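Asks: Mind looking at a prediction? Sequence and model below.
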Amino acid sequence: MRYTIKICDKKIALEIPPEIKITEYGKAAKFLSEDKSGAADHLCFFEIVNKIPEISGDILYISESVEISFINGKYYRFYKEYNKETPVACLINDAYETGTHISNVLIKQDFVRFINSLDICLNFIGFEEIITGLGMLMMHASAIIYKNEAILFSAPSNTGKSTQSELWRNIKKAEYINGDKTAIYMSTHSRILACGIPFSGMSAVCENISAPLKAIVFLSQSTVNSIKTPDEKTAFKLMLKNAVYNEWDINKLLPVMDIIEKTIKTADIVEFGCVPDESAVNALDGYLYPNQ
């Protein structure tokens, strides 16, 4: 069964065998496309196996649930149950080495019964890696649409991304895109877009909409509202720090840097020390849209 996820004009297809019973779609439901025209921009083949390959080769990344290795010219991303050593799934991806935009996901036979939603399947495809290869960049940022343009709020957890987005929604009637993560994309019309994606962390806000990017606002907590525009070097560092990408892979870093450079030249990059009330909304609105 093929499921096609569409982000802006890019299509990511998942070929999932019938043994994996998808009964729920979760956040992915809003991104499912009925568009059957043309080929997918990236194709993920899911395969059920009795045994996952052994973790070996050059270890590039390790966390409690993911381990990434470089084996025989390909990247292997091993997925483990929390704090367990044996992988239950493995993503094999050489798409950006060859330009084929194809990846393979191996699912261990005895783990299949735990997969019942499309959201779970998406967790195994290396989504941030795929969209980087498709000319997008995932940011740790909530996003709203105001005056037909997107404003992103980026900050560490518990700093106020969701608070500011909610204030704008309530006070300025802004429309939500995502409550935690947003993709930035240089469209074919040479305009940077902010795009919804089917990932939003703990936030329930996850919409399949996009808008031209007006600004990225890097938040910090403060007792007074203070706004400034950083120089290009600082803006670059802020964006890189809050981007979601594979730091260990130079092939992924180069397109990430390219997107950041283009974004800095076309969108407003703002540092905003703010308080969590209406005064912050009015201060930022006046800064981004003077004389309006």
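Replies: Nice, I can see it.
Asks: how far away is residue 44 from residue 85?
Replies: 25 Å (C-beta to C-beta, to the nearest Å). Bear in mind the C-beta positions are built from the backbone N, C-alpha and C, glycine included.
Asks: When those two are compared, which one has more neighbours?
Replies: residue 44 (27 against 8; other C-beta atoms under 10 Å).
Asks: quick one: terminal-to-terminal distance for stretch 104-124?
Replies: 10 Å (C-alpha to C-alpha, to the nearest Å).
Asks: For it, give the mean pLDDT please.
Replies: Here stretch 104-124 scores 95 as its mean pLDDT.
Asks: same deal with stretch 266-286?
Replies: 95.
Asks: hang on, isn't residue 210 packed against residue 191?
Replies: No - counting by C-beta atoms under 8 Å, residue 210 sits too far from residue 191 to count as a contact (10.4 Å).
Asks: These two - which one has more neighbours?
Replies: residue 210 (22 against 12).
Asks: Pick out the residue closest to the middle of this structure.
Replies: residue 138 (3.6 Å; C-alpha atoms, centre = their mean).
Asks: In the beta-sheet assignment, what are the partners of it?
Replies: Here residue 138 sits in beta bridges with residue 183, residue 244, as judged by DSSP bridges.
Asks: Relative to residue 219, how far out is it?
Replies: Distance of residue 138 to residue 219, given as C-beta to C-beta: 18 Å.
Asks: likewise residue 10?
Replies: Applying C-beta to C-beta to residue 10 and residue 219 gives a distance of 29 Å.
Asks: And those two? Which one has more around it.
Replies: Ranked by neighbour count (other C-beta under 10 Å), residue 10 and residue 219 place residue 219 first, with 23 against 19.
Asks: Excluding chain neighbours, what is closest to the more buried one?
Replies: Once flanking residues are discounted, residue 219 sits nearest to residue 155: 3.9 Å by C-beta to C-beta, 6 or more residues apart in numbering.
Asks: Could you count how many residues lie near that neighbour?
Replies: 22.
Asks: Which of the three states applies to residue 48?
Replies: With DSSP: H, G, I helix; E, B strand; the rest coil as the basis, residue 48 sits in strand.
Asks: isn't it right next to residue 19, touching?
Replies: Yes - counting by C-beta under 8 Å, residue 48 does reach residue 19; the two are 5.6 Å apart.
Asks: more neighbours, those two?
Replies: Shown here are residue 48 and residue 19; by other C-beta under 10 Å, residue 48 has more neighbours (17 against 12).
Asks: separation between the residue nearest to the centre of the chain and residue 201?
Replies: 12 Å.
Asks: Which neighbours do those two have in common?
Replies: residue 181 (C-beta atoms under 8 Å, 6 or more residues apart in numbering).
Asks: and residue 112, how many neighbours?
Replies: The number of residues packed near residue 112 is 17, by other C-beta under 10 Å.
Asks: Spit out the residues that contact residue 48 and residue 19 alike.
Replies: With C-beta under 8 Å, 6+ apart, residue 48 and residue 19 have common neighbours residue 112.
Asks: rewinding a little: how much space is there between the residue nearest to the centre of the chain and residue 108?
Replies: As for residue 138, its distance to residue 108 is 27 Å (criterion: C-beta to C-beta).
Asks: what's the answer for residue 164, then?
Replies: Residue 164 is 42 Å from residue 108, where distance means C-beta to C-beta.
Asks: same thing with residue 143?
Replies: 36 Å.
Asks: So between these two, which is more surrounded?
Replies: The neighbour comparison of residue 143 against residue 108 (other C-beta under 10 Å) goes to residue 143, with 34 against 17.
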